[in-house]
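>>> 3D, please:
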Amino acid sequence: AEVRALPGVVAAAGASSTPYDGSTWVWTSDLADGSVVSVNMSAVGDGYFDVLGMRLVAGRGFAPDDVALDWKPLVIDRELARAWFGDEDPIGRNPPFKPDDEGESQRNRVVGLVDDYRKDGELAGATNFAFPTLDLDYPKGNPYNTLVLRVAGTPPAGFEQELLAGLQRLAPAWSFD
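Predicted coordinates:
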C-alpha cells in the first residue's frame, strides 16, 4: 500500500519469484488418475497480474479478503489448465491431486486463468504454471522476497532513493536493494 501511494506507481505486488530472476519453484503433483504433472510456481500478492500486464482470460485474480478463506486460491495458466482438466473449465475446481494425508487436494481451488505464462520470456517454451496467493500464516508458505512494480512513464530522479527510504522506515530491521 505504501509503494502504491508513491507518485507515478501504477501497480505494485509482492512475489516469491519474478520473470527473468533465474529462480524456479517446481512442484511435482501426483494426480488422482495416476499421472504426474510438473508445475512451476510463484506465490504472488494482490496486483501481481496488473504489474506484469497479464490478462485474466477467465475467473478473477486475488483479493485482500482471500486470507479469510479456509482454502487456498490459485490462478493458473492455460497450459496447466489443459494438463489438469483437459478441455473442461477449471474455474472453481480443486486440482485433481491424488488424495494425501494432509488434505492438500482440497485446500486449493482455481479462481483464475491467465494466458500461457512464459517466465523466462516470450521465446521460452510454455510450462505448466500456478500462482498461489501468499498466506503468511500457512506453515508451508513462502515469503515474498521481491517487490514488483509498474510505473507510469519514466520515474523522476530520486524515485528509487525515495522508494528505498520509505521501505526502510516501514521495516527498519530488513534490508532492501
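
>>> export the helix or strand in which Thr28 is found as CSV, just CAs?
For Thr28, the host element (DSSP states H and E) is strand 25-30. Taking C-alpha atoms only, strand 25-30 is exported to CSV below (Å, rounded to 0.1, in the frame of the first residue of the first chain):
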residue,chain,number,x,y,z
TRP,A,25,9.9,-23.3,-7.8
VAL,A,26,8.8,-26.6,-9.3
TRP,A,27,6.2,-28.8,-7.7
THR,A,28,5.6,-32.3,-9.0
SER,A,29,2.0,-33.3,-8.4
ASP,A,30,0.6,-36.8,-8.4
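
>>> list the helices and strands the helix or strand following it packs on?
Next in sequence after strand 25-30, counting helices and strands by DSSP H and E, comes strand 36-41. Under the contact definition 3 or more CB pairs under 8 Å, 6 or more residues apart in numbering; DSSP states H and E, strand 36-41 sits against strand 25-30, helix 78-85, strand 129-132. Placement of C-beta: from N, CA and C, glycine included.

>>> closest one to Arg169 among those?
strand 129-132 (29.6 Å; CB to CB).

>>> Report the mean confidence score over the closest one.
Mean per-residue pLDDT for strand 129-132: 91.

>>> Can you name the secondary structure element that comes next after that strand?
Using DSSP H and E, the next helix or strand after strand 129-132 towards the C-terminus is strand 146-151.

>>> got the contact list for the following helix or strand past that next one?
For strand 146-151, the succeeding helix or strand toward the C-terminus, using DSSP H and E, is helix 159-170. Helix 159-170 is contacted from outside by Glu2, Val3, Leu6, Gly8, Leu147, Val151, Trp174, Phe176, Asp177, using CB atoms under 8 Å, 6 or more residues apart in numbering.

>>> and which of these is nearest Gly45?
Distance to Gly45, by CB to CB, is smallest for Leu147 among the contacts of helix 159-170, at 9.1 Å.

>>> And that closest one, how far from Gly61?
Relative to Gly61, Leu147 is positioned 17 Å away (CB to CB, to the nearest Å).

>>> Between those two, tell me which one has more neighbours.
The neighbour comparison of Leu147 against Gly61 (other CB atoms under 10 Å) goes to Gly61, with 21 against 16.

>>> was I right about Thr127 contacting Asn40?
Yes - assessed by CB atoms under 8 Å, Thr127 is found in contact with Asn40 at 4.9 Å.
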